[in-house]
Structures are given as C-alpha cells and as structure tokens.
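>>> A structural model of the following input is requested.
(one chain, ligands or ions: 1)
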Amino acid sequence: MKRLLPVLALVAFPVFAQQDFSKVEIRAEKLSEGVYMLAGAGGNIGLSVGEDAVFMVDDQFAPLTPKIEAAIAKLSAKPVRFVLNTHWHFDHTGGNEHFGKAGALIVAHENVRKRMSVEGFIEFLGMKFKAEPRQALPVVTFTRDVTFHINGEEVFVAHVPNAHTDGDAIVHFKKSDVVHMGDTFFNRLNPFIDTSSGGTVEGVIAAADRVLQASTERTRIIPGHGPLATRADLQVYRDMLATVSGRIREQVRAKRSLEEVQASKPTAEFDAVWGKGFLNPQRFTEMLYKNLQR
Ligand SMILES: [Zn+2]
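Numbers count the residues shown, from 1 in each chain. As a prediction, this is how the structure comes out:
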C-alpha cells in the first residue's frame, strides 16, 4: 500500500496495514436482478450490472484490484464506467487510480476530492496518506445529490453532512430497493467516526435516521463494513450508537476524564455483539469521548 507512510500505519493500524491481501477472496452476493454486494477486505462494494455498463460503489484496496476485476467479469462483460466513492478513506478508494486510468468516471462529494488531492491524515488512528495522483481523483463532484440512470435503475446518491467524514454519500438503487451506506453504517462492529475529517456522531445517527425513513423491511442495506443488513439491523445500530453516545455525552458535560468514562463501561451490554471489531470497547469509548469534546 504505497499510499501509507509505513511506520505510522503499521504501528497504529495493524488490522488493515499488515493484512495479507494474497489470502483475501472477493465474494459476490446477489441482491436483485443486477445489483450485487462484493465483500473482500476494506469497505464493501456495491455493483449495478446490466445492458449499459458496470456502476461500482467503492473499490477497496489497490492490491485487490485484479481480484475485484475478476469477480466483476463473472457478473458482466461490460466495462466499469462509473466508480462512486462513498468517502475518501483508503480502504474504499484504493482501486481508484487503476479504474480511473482504465476509463471509469470517478464521482464523489466535493470534499472527497479535496481531501484526496492533498496529504491526508486520520488523527485517531495515527495514519497519514500522500496526496493522490490525478487519475485517482473524482472527476465529477457534487454537493448535495446526484442521480444516475443506468441498467434500467435509478441510482440516487445523496450527501449526508458531517457523519463518518465530511464527504459521505449514501447510494440508493431504487428499483432494486438496495441502499449502500458507506461507513455511516458498520453492521455488528463498533463504528469508526473520523473526527479529524469532520465526522460527528450526531451526523452518523442522522444518516441512519434518513435511511430508516426511506426504507422498508424488504430493503437490503449494504454497510461499509460487516455483513449485509436489513432495516431492523440498522435500527439496532442506530439505537446502540444513540445510547452509548448519550451516556458519554452526559459525562463529557460533567467534565469527567476519559479514564472515568471508560471505567463507567458505557458500552457494556453491547460489547458481546459490537466490541469484537478493530475498535474494542475502550477504544470505541475513547473515540466517542474525543468526538463529543470537539
Ligand atoms: Zn471510512
């Protein structure tokens, strides 16, 4: 992963940085006639395939690109014409340079392009990134929303402000009733919120509420990380995040120290399900504490 400055990355973020990509398999899950979720390493990918072209949501890590292309080739003989980035993070945009050079039009919220154009950092994880080359950058940017008409599908892409970052997009494949939420939704993993990129826990909860309102029990929801979800799963996530952040917010207002807040175990009843990902209960509490102090 040439984008990472290795010392910082390896120390701070072993989950991603030391991953052996040679062992990663890309698994495709069919969600409707023409819409798929691809899971490998990094953010889940959403795909629309059909008579027009391949429309792709996020592209994981650069070293996985050949495997991702092979997985797409099993589903469609058409080229990838569009790549929509849900946000700027490296585990969702690593394939951009390759797909951009191959002729795909990369589309994202304007803050994604801004952040990828210069040296980036994720403070909480101690990670720094080089500015991206021109071919990896979104060439079409939007501020509020944009709609694609492709493969008989209406693909509605909406910005949700200050959620996981300041450039998040949620993608609704309307005919197929599939929503890709990017990293505004981690299913059964404590979610990461990138405070140094403008993320806020209130914005994540608002994003979840927006999708809860726009979906039904039949809607399939692709989270940024974790398994494919239903509306009920999203509701459980939203309630967990509201409960835990509410407990921490009260203690931040009472000027309790981080150690005191961690000792109060604000995540306790959720840990068995949510606490086994890359943010354990202590780190998740620390992240929310710092987010709520901003
Ligand atoms: Zn992310």
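
>>> C-alpha only now, for contacts and for neighbours.
OK.

>>> what's the spacing between the residue nearest the centre of the chain and Ile150?
Centroid-nearest residue in the chain: Asp183, 2.7 Å away (criterion: CA atoms, centre = their mean). According to CA to CA, to the nearest Å, Asp183 and Ile150 sit 24 Å apart.

>>> ditto for Thr219
Thr219 is 20 Å from Ile150, where distance means CA to CA.

>>> Same check on Asn280?
41 Å.

>>> Helices along this structure, start to end?
Shown for the chain, the helices assigned by DSSP state H span residues 6-12, 14-17, 65-73, 90-93, 96-101, 110-117, 201-214, 231-253, 258-263, 271-274, 281-293.

>>> Let me know which of the ones you listed is the nearest to Ile45.
Among the helices of the chain, helix 90-93 comes nearest to Ile45, with 8.3 Å by CA to CA.

>>> Residues in contact with the closest one: which ones?
With CA atoms under 8 Å, 6 or more residues apart in numbering as the test, helix 90-93 has contacts from 41-44, 58-61, 85-87.

>>> can we see that at 10 Å?
Outside helix 90-93, the residues that touch it by CA atoms under 10 Å, 6 or more residues apart in numbering are 1, 3-4, 16, 41-45, 57-62, 83-87, 96, 106, 112, 116, 120, 129, 136-138, 182-183, 224.

>>> mean confidence for it?
Average pLDDT, helix 90-93: 96.

>>> Please put the alpha-carbon coordinates of that helix into PDB.
C-alpha atoms of helix 90-93 as PDB (Å, rounded to 0.1, in the frame of the first residue of the first chain):
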ATOM      1  CA  PHE A  90      -8.100   4.400   1.700                       C
ATOM      2  CA  ASP A  91     -10.000   1.200   2.200                       C
ATOM      3  CA  HIS A  92     -12.800   2.500  -0.100                       C
ATOM      4  CA  THR A  93     -10.700   4.300  -2.800                       C
END
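
>>> Okay, now the unreliable bits of the protein?
Where the chain drops to pLDDT under 70, the residues are 1-18.

>>> Need the residue in the chain that's farthest from the chain's center.
Outermost residue of the chain (CA atoms, centre = their mean): Ala254, 32.4 Å.

>>> For that residue, which residues are in contact?
Neighbouring residues of Ala254 by CA under 10 Å, 6+ apart: Ile248.

>>> How about Asp177?
Residues in contact with Asp177 (CA under 10 Å, 6+ apart) are 31-32, 35, 214-216, 218-221.

>>> The residues you listed in strands, which ones?
Taking DSSP state E as the definition of strands, these contribute 31-32, 35, 220-221.

>>> Just the buried ones out of the residues you listed, please.
31, 35, 220-221 (16 or more other CA atoms under 10 Å).

>>> Could I get the contacting residues of the residue nearest to the centre of the chain?
Contacts of Asp183 (CA under 10 Å, 6+ apart): 43-44, 86-87, 89, 92, 163-165, 168-170, 191-194, 204, 222-225.

>>> Relative to Ala232, how far out is it?
18 Å.

>>> Check Ala102 too.
Distance, Ala102 to Ala232, by CA to CA: 39 Å.

>>> Phe99 reaches Leu84, doesn't it?
No: Phe99 lies out of contact with Leu84 (CA atoms under 10 Å); the separation is 11.2 Å.

>>> Neighbour count for these two, which is higher?
Higher neighbour count among Phe99 and Leu84: Leu84, with 27 against 23, using other CA atoms under 10 Å.

>>> still on that earlier bit, adding distance to Glu69, write the contacts of Asp177 out as a markdown table.
Formatted as a markdown table, the contacts of Asp177 follow (distance: CA to CA, whole Å):
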| residue | distance to Glu69 |
| --- | --- |
| Leu31 | 19 |
| Ser32 | 20 |
| Val35 | 16 |
| Ala214 | 32 |
| Ser215 | 30 |
| Thr216 | 32 |
| Arg218 | 29 |
| Thr219 | 27 |
| Arg220 | 24 |
| Ile221 | 23 |
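
>>> ok, of those, which one's closest to Glu51?
Val35 (12.6 Å).

>>> now the closest one, nearest residue through space, not along the chain?
Nearest in space to Val35, with sequence neighbours left out and distances taken as CA to CA, 6 or more residues apart in numbering, is Ser48 at 4.6 Å.

>>> quick one on the thing from earlier: show me the common contact partners of Phe99 and Leu84, please.
Common neighbours of Phe99 and Leu84, counting by CA under 10 Å, 6+ apart, are 59, 105-106.

>>> Among those residues, which one lies nearest to Phe284?
When those are ranked by distance to Phe284 (CA to CA), Asp59 comes first, at 25.9 Å.

>>> Cool, thanks, signing off.
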